[in-house]
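Asker: A predicted structure for the sequence below; I have some questions about it.
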Amino acid sequence: MFLTTAVPACAADNSLTPLVGNWKGSYVCPQGHTGLTLTIDRQSGPKFSGTFHFYPLPDNILVPDGCFTISGHFVSGRKVVIAGAAWIKRPEGYVTVDLDGKIGASGAGLSGIVRMPPQYVNQCTTFELTKETDKPIVAPSCRQDSASR
């Protein structure tokens, strides 16, 4: 899924929230409540990239483990858009999702809306993430050099 949104110029790169690290939490889509670790491994000015890793939670153990690369950018202030890119580990029947989010005032939380491709409109709801580490740590099953595609 590709985004064609223009990236506005941000006032100053040093005013942007540092995103590099692991953001952990959950989201809700047709498969139900799902675990999510968003690993941001690169940030240059308003642009960043990383990995979206989803997995089962105790209240929804049937969710498979999967991951794909993401790219994102700041839209304005604390608002970010994150787009799903290439699959690393794709469970059968799954599609990548995009995130429209806002970073909390403390810089330690990220929450917002989960967006699916247009044919799946309104099947996902929200996501909530908390920054857990400043060092990006990709799950072993999501490492591109060792993942089965």
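Answerer: Nice, I can see it. Numbers count the residues shown, from 1 in each chain.
Asker: mind showing which ranges of the protein have poor pLDDT?
Answerer: For the chain, the stretches with pLDDT under 70 are 1-14, 145-149.
Asker: Quick one: the strands in it, in order.
Answerer: Here the chain has its strands, by DSSP state E, at 21-29, 32-44, 47-55, 66-76, 79-89, 98-103, 109-115, 126-133.
Asker: To residue 15, which of those lies closest?
Answerer: Closest approach to residue 15 among the strands of the chain (CB to CB): strand 66-76, 9.8 Å. Where C-beta positions appear, they are placed from N, C-alpha and C, glycine not excepted.
Asker: rewinding a little: compare the strands of the chain and give me the one nearest residue 143.
Answerer: So among the strands of the chain, strand 79-89 is nearest, using CB to CB, at 7.9 Å.
Asker: I'd like the distance from the closest one to the chain centre, please.
Answerer: Centre-to-centre, strand 79-89 and its host chain are 6 Å apart (CA atoms, centre = their mean, to the nearest Å).
Asker: go on, stretch 103-120?
Answerer: With CA atoms, centre = their mean, you get 8 Å for stretch 103-120.
Asker: re the thing from before, export the strands of the chain to CSV and append columns for distance to residue 140 and mean neighbour count.
Answerer: Putting those into CSV (distance: least, CB to CB, whole Å; neighbours: other CB atoms under 10 Å) gives the following:
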stretch, distance to residue 140, mean neighbour count
strand 21-29, 14, 20
strand 32-44, 12, 18
strand 47-55, 10, 21
strand 66-76, 11, 20
strand 79-89, 11, 19
strand 98-103, 23, 20
strand 109-115, 24, 19
strand 126-133, 16, 17
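Asker: To residue 139, which of those strands lies closest?
Answerer: Each of the strands of the chain has some distance to residue 139 by CB to CB; the shortest is strand 47-55, at 5.0 Å.
Asker: list the helices and strands the closest one packs on?
Answerer: On a contact count with 3 or more CB pairs under 8 Å, 6 or more residues apart in numbering; DSSP states H and E, strand 47-55 meets strand 32-44, strand 66-76, strand 79-89.
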